[in-house]
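S.K.: coords below, sequence missing:
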Ligand SMILES: C[S@@+](CC[C@H](N)C(=O)[O-])C[C@H]1O[C@@H](n2cnc3c(N)ncnc32)[C@H](O)[C@@H]1O
């Protein structure tokens, strides 16, 4: 596994699943192929695979304009982005300024918006853009706002990704459009990993406009329209299990913290064409997840 990680903190981020996804790629002869995330978020798995040299290219798509701006900026304006990390003042005033930029959205411009997402992600509790500041507005908490703003380490992570910028494609589409428009042009030797907003408890954590009907529709689109090997992870809500009832799947326990700890059953679903790594790997994943928490 790589020394460097995604620069973003993501509640429930799936970076810990990277060894399992790698195993899926290996079992199916897909190592060295393309790796695609239509709901990329912090792209923990993609970055891990990219930096380990396991894949030829990674495709990161996310409907969030701010996330897109972040990925675009670190690839296209690496030096300026890293300069801003080095110089950022760790004050409550600066945090307010960055919140205002975030609220402007696209109008703020790609670099400013991308940096504000990063700043808030590193300075807010659990990395949630709308969450409170670590240490509180009066900065009297045990941890201060710079607790996760480890400048040198974050710059190194960003530089490691930007060094491979030719291998990273970033898009800002709705996942359904991405599946329809972009996937048909992808090489056959590819794995698509979909990590949609959870059916339950997602609202607070991520951009999520999915209604139960949207979840049902995207499940149909995935199973009907994706022609290359795919894997989906979801919360194990009964509705979700019903949508994928005729696919191969397994459940595992995931524990993560987003303000408070949740513990729940999660599910992985697979395209019929995908060979699932043997049980011992799944067992190992369960142990890793249970052992580590977030
Ligand atoms: C569960 S998170 C993905 C987390 C990611 N796997 C990680 O490890 O950081 C879901 C992501 O989907 C994005 N999203 C929500 N609705 C979407 C949509 N309709 N199309 C594409 N992306 C969407 C959110 O912005 C969020 O980043």
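M.R.: Right, received. Where do you want to start? Because the structure is a prediction, the values reported are computed rather than measured.

S.K.: quick one, what contacts residue 218?
M.R.: 175, 176, 196, 210 (Cβ atoms under 8 Å, 6 or more residues apart in numbering). The C-beta positions use only the backbone N, C-alpha and C, and glycine is treated the same way.

S.K.: distance of residue 217 relative to residue 223?
M.R.: 11 Å (Cβ to Cβ, to the nearest Å).

S.K.: got a list of what residue 10 touches?
M.R.: 41, 42, 44, 127.

S.K.: rerun at 6 Å
M.R.: 41, 42 (Cβ atoms under 6 Å, 6 or more residues apart in numbering).

S.K.: my read is it is in a strand, agree?
M.R.: No: under DSSP: H, G, I helix; E, B strand; the rest coil, residue 10 falls outside any strand and is assigned coil.

S.K.: what's the pLDDT at it?
M.R.: If you check residue 10, the pLDDT there is 82.

S.K.: re the thing from before, which one of residue 217 and residue 223 has more residues nearby?
M.R.: Remark: of residue 217 and residue 223, residue 223 carries more neighbours, 17 against 14, as counted by other Cβ atoms under 10 Å.

S.K.: ok, so what distance separates that one from the ligand?
M.R.: 17 Å (Cβ to the nearest ligand atom, to the nearest Å).

S.K.: what separation is there between that residue and residue 45?
M.R.: Taken as Cβ to Cβ, the span from residue 223 to residue 45 is 21 Å.

S.K.: again with residue 270
M.R.: Distance from residue 270 to residue 45, by Cβ to Cβ: 15 Å.

S.K.: for residue 187, same thing?
M.R.: Counting by Cβ to Cβ - residue 187 and residue 45 are separated by 19 Å.

S.K.: ok, now residue 121?
M.R.: For residue 121, the distance to residue 45 - Cβ to Cβ - is 18 Å.

S.K.: so between these two, which is more surrounded?
M.R.: residue 45 (26 against 23).

S.K.: secondary structure element for the residue lying closest to that one once chain neighbours are set aside?
M.R.: Excluding the flanking residues, the one nearest residue 45 by Cβ to Cβ, 6 or more residues apart in numbering is residue 18, at 4.7 Å. Assessed by DSSP states H and E, residue 18 sits inside helix 18-27.

S.K.: following that helix, which helix or strand shows up next?
M.R.: Using DSSP H and E, the first helix or strand after helix 18-27 is strand 34-37.

S.K.: right, I'll leave it there.
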